[in-house]
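Enquirer: Fold the following, please.
(one chain, ligands or ions: 1)
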Amino acid sequence: MNVVVGVSGGIAAYKACHVVRDFTERGDHVRVVPTANALNFVGAATFEALSGNPVETGVFTRVDEVQHVRVGQEADLIVVAPATADLMARVAAGRADDLLTSTLLVATCPVVVAPAMHTEMWRNPATQENVATLRRRGYTVLEPAHGRLTGTDTGPGRMLEPGVIAELARTVAEHGALGRGLEGKRVLISAGGTQENIDPVRYVGNRSSGRQGYALADIAAHKGAQVTLVACDTAELEAPAGAEVVRARSTRELKRAMDERAAEADVIIMSAAVSDYRPEHEATSKLKKGQSDDALSTIRLVENPDVLRGLVDKREAGETNAVIVGFAAETDNPLEYGKAKLARKGADLLMVNSVAEGKVFGQPRNSGWLIGRDGSVSEIADGPKHVVAAQIWDAIEGWTTEV
Ligand code: CTP
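Expert: Have a look, this model is predicted:
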């Protein structure tokens, strides 16, 4: 893929080096187009060395190659990271006074913009109107992260981590612009696997890295939703931009966290792998081998509540109007078992994946079928978990308008 990484003049320009690296390591051809101000933060030599391509900022160098048009024409994807308030203002106005803005004016490929600025500048109506203009024109303007800014202040405006930007940009290249279909919606997502204590050091649990749930939360956040993510035991993953992350460990903690927040949710997704059973007794001190053989060799389990079914019951009781989505990981006959499970659980949609031979768990890719309560079955082709998440959101958005 021919990727143009545009860099504008903010301190986060140093992180653009890692964005460039992310693409080159995957074999993409990368051309870095900084603004003149960006080069006050990172030298052209760094971008040239990382990309293996020349770096120019103006339109009056190598004029014979008509670069101000060619770079944009040849791009398959343009990622602008960081995008300052000034850069977005110039692009929104249709300016073309340097190589980056000319390239953007020419390009017809997907464009992903990662803003970085102080909170006040981000919230300024001028910036917000420019962002809305770019989104209306089909750009995917990502939400900035919340966190530490250049000085001592914190708030929304921090640039997303380079790996997250690259992943989202690849998702847009494969799936298309993310769109703002979830603007104003509140979504509640569970991710990871629950754990049930045997004693203070041992537990029974379910395998799940939480990656698919995080990807769903990530995509929702950049589509404009207000996201709450209930994270059980998950891999070390970057919190989705602006999301509230709530930790839960056992199934009962997960149930409490989901039930408490169900009433205000517009969409609920249960992607957590839930322990169906828990030890009947939890020992308060460590069970010792040799002394407590019986307690360790025979653990009596009792059934846990079904969190998803409980949420559907709440809806039937009029306590929530949310669209409810479940997940099913099956080793055999996934489609057949999935259809039966959807009917049993009463959810609107069920994403069924086949986990035979170690597929899916902890892996960056996923595939399966998305089945609907209305009898619909859509195949989800093998793809990165963010692309799968974008497809699931397309189906949910369709569903939201149906019900
Ligand atoms: N689930 C839940 N509470 C449980 C078990 C499962 O909320 N106690 C949810 C999962 O988060 C998932 C869906 O139900 O969205 C299906 O989970 P799965 O483990 O496949 O279903 P089970 O009902 O446990 O069926 P199985 O016998 O196949 O384990």
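Enquirer: check contacts around the most centrally placed residue in the chain.
Expert: In the chain, the residue lying closest to the centroid (C-alpha atoms, centre = their mean) is Asp218, at 2.4 Å. Contact analysis of Asp218 by C-beta atoms under 8 Å, 6 or more residues apart in numbering lists 164, 168, 240-241, 386, 389. Backbone N, C-alpha and C define where each C-beta goes, glycine included.
Enquirer: change it to 7 Å
Expert: Residues near Asp218 by C-beta atoms under 7 Å, 6 or more residues apart in numbering: 240, 386.
Enquirer: Which of the three states applies to it?
Expert: helix (DSSP: H, G, I helix; E, B strand; the rest coil).
Enquirer: Report the buried residues of the lowest-mean-pLDDT helix or strand in the chain.
Expert: Using mean pLDDT, DSSP states H and E, the weakest-scoring helix or strand in the chain turns out to be helix 293-297, at a mean of 75. Residues of helix 293-297 classed as buried: 295-296 (neighbour count, 16 or more other C-beta atoms under 10 Å).
Enquirer: mean confidence for stretch 173-184?
Expert: Regarding stretch 173-184, the rounded mean pLDDT is 97.
Enquirer: re the thing from before, list the contacts of the least confident helix or strand of the chain.
Expert: By C-beta under 7 Å, 6+ apart, helix 293-297 touches 283, 287, 289.
Enquirer: Could you give the number of residues near the first one?
Expert: Burial of Ala283 is recorded as 16 neighbouring residues (other C-beta atoms under 10 Å).
Enquirer: ok, the residue nearest to it when sequence neighbours are not counted - contacts?
Expert: In space, and not counting its chain neighbours, Ala283 is closest to Asp199: 3.9 Å by C-beta to C-beta, 6 or more residues apart in numbering. By C-beta under 7 Å, 6+ apart, the contact set of Asp199 is 282-283, 285-287.
Enquirer: how about the lengthiest helix in the chain: buried residues?
Expert: Criterion DSSP state H: the longest helix present in the chain is helix 385-402. Under the neighbour-count criterion of 16+ other C-beta under 10 Å, helix 385-402 has 385-397, 399-400 buried.
Enquirer: closest to Leu149 among the residues you listed?
Expert: Top of the list for closeness to Leu149, among those and by C-beta to C-beta, is His386 at 26.2 Å.
Enquirer: Just the pLDDT at the closest one, thanks.
Expert: The model reports His386 with a pLDDT of 97.
Enquirer: what's the answer for Gln67, then?
Expert: You'll see Gln67 listed with a pLDDT of 81.
Enquirer: quick one, what contacts it?
Expert: 56, 99.
Enquirer: that older thread, with only the CA atoms kept, save the least confident helix or strand of the chain in CSV.
Expert: Only the C-alpha atoms of helix 293-297 are listed here, as CSV (Å, rounded to 0.1, in the frame of the first residue of the first chain):
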residue,chain,number,x,y,z
ASP,A,293,-5.9,-32.8,49.0
ASP,A,294,-9.6,-33.2,49.1
ALA,A,295,-10.2,-29.5,48.7
LEU,A,296,-7.8,-29.3,45.8
SER,A,297,-8.5,-32.5,43.9
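Enquirer: For the helix or strand following that helix, which strands pair with it and how are they oriented?
Expert: Sequence order places strand 301-303 as the next helix or strand after helix 293-297, per DSSP states H and E. According to DSSP bridges, strand 301-303 forms sheet pairs with strand 277-279 (antiparallel).
Enquirer: Any chance you could list what contacts the strand it pairs with?
Expert: Contacts for strand 277-279 (C-beta under 7 Å, 6+ apart): 196, 198, 204, 250-251, 299, 301-304.
Enquirer: Contacting the ligand as well, which ones from those residues?
Expert: With C-beta under 6 Å from any ligand atom as the criterion, the contacts of strand 277-279 include 251, 304 near the ligand.
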